[in-house]
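> structural data only, the sequence is not supplied:
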């Protein structure tokens, strides 16, 4: 609607009725209720816990733990390197919009802890080489990352080269809500770069 035969659309209060004014306002500035409804419509996974394996060679080994041997618990060693795998995991998290690395732990020893909100995951990827000796010697790596997207969630990713036969090499626990497409971006990246084992 325009008074001067131009293509410029004027706000409705210039020539419109009160009803047109309200419709224009709602379209221009959605209410908090509309935003909440839009948020609810998105597909979320809540408190996600998923386990999977890499598609690599697996070798059964004798457990170094006497109690495990006594109870016949079989151990598996998987043929992958912890350092390049940890870099790929961090890159996958970055692709899935995780921005902050809170902690990196190898074999129970904290190598990196930076829980402040502004810790940068991409910088951690660049700096992880300073921990290369410790990571390369390790068998278990745990990464805690923070996602501040629509909602805040904390992911704990545990990677095990040596584990109980009934366990998996990757164990992901996400506390809070995570969008399905965010999760699929992460898993698809890992599958493309490393290959995940189908059960």
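Noted; the coordinates are in hand. Please read these numbers as outputs of a predicted model, since none were measured by experiment. Numbering: from 1, shown residues only.

> how about residue 176, what does it touch?
46-47, 147, 151-154 (Cβ atoms under 8 Å, 6 or more residues apart in numbering). All C-beta spots, glycine's among them, are computed from the backbone N, C-alpha and C.

> quick one: the strands in this structure, in order.
Here the chain has its strands, by DSSP state E, at 44-52, 58-61, 75-78, 100-106, 109-113, 140-148, 152-160, 162-164, 170-179.

> mind giving me JSON lines with the ones you listed and columns for distance to residue 186 and mean pLDDT?
Compiled in JSON lines, these are given as follows (distance: least, Cβ to Cβ, whole Å; pLDDT from 0 to 100):
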{"stretch": "strand 44-52", "distance to residue 186": "10", "mean pLDDT": "87"}
{"stretch": "strand 58-61", "distance to residue 186": "23", "mean pLDDT": "86"}
{"stretch": "strand 75-78", "distance to residue 186": "20", "mean pLDDT": "87"}
{"stretch": "strand 100-106", "distance to residue 186": "14", "mean pLDDT": "87"}
{"stretch": "strand 109-113", "distance to residue 186": "20", "mean pLDDT": "88"}
{"stretch": "strand 140-148", "distance to residue 186": "10", "mean pLDDT": "87"}
{"stretch": "strand 152-160", "distance to residue 186": "9", "mean pLDDT": "89"}
{"stretch": "strand 162-164", "distance to residue 186": "21", "mean pLDDT": "86"}
{"stretch": "strand 170-179", "distance to residue 186": "8", "mean pLDDT": "89"}
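
> what pairs with residue 76 across the strands?
Under DSSP bridges, the beta-bridge partners of residue 76 are residue 60, residue 163.

> next one: residue 170
Following DSSP bridges, residue 170 is listed with bridge partners residue 52, residue 159.

> ok, now how distant is it from residue 89?
In this view, residue 170 and residue 89 are 8 Å apart by Cβ to Cβ, to the nearest Å.

> any shared contact partners between the two?
Taking Cβ under 8 Å, 6+ apart as the criterion, residue 170 and residue 89 both touch 157, 159, 190.

> of those residues, grab the buried ones for ChimeraX.
The ChimeraX command for the buried members of the shared contacts of residue 170 and residue 89 (criterion: 16 or more other Cβ atoms under 10 Å) is given here:
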select :157,159,190
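
> make a markdown table out of the shared contacts of residue 170 and residue 89 and add distance to residue 57.
What follows is the shared contacts of residue 170 and residue 89, written out as a markdown table (distance: Cβ to Cβ, whole Å):
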| residue | distance to residue 57 |
| --- | --- |
| 157 | 22 |
| 159 | 16 |
| 190 | 18 |
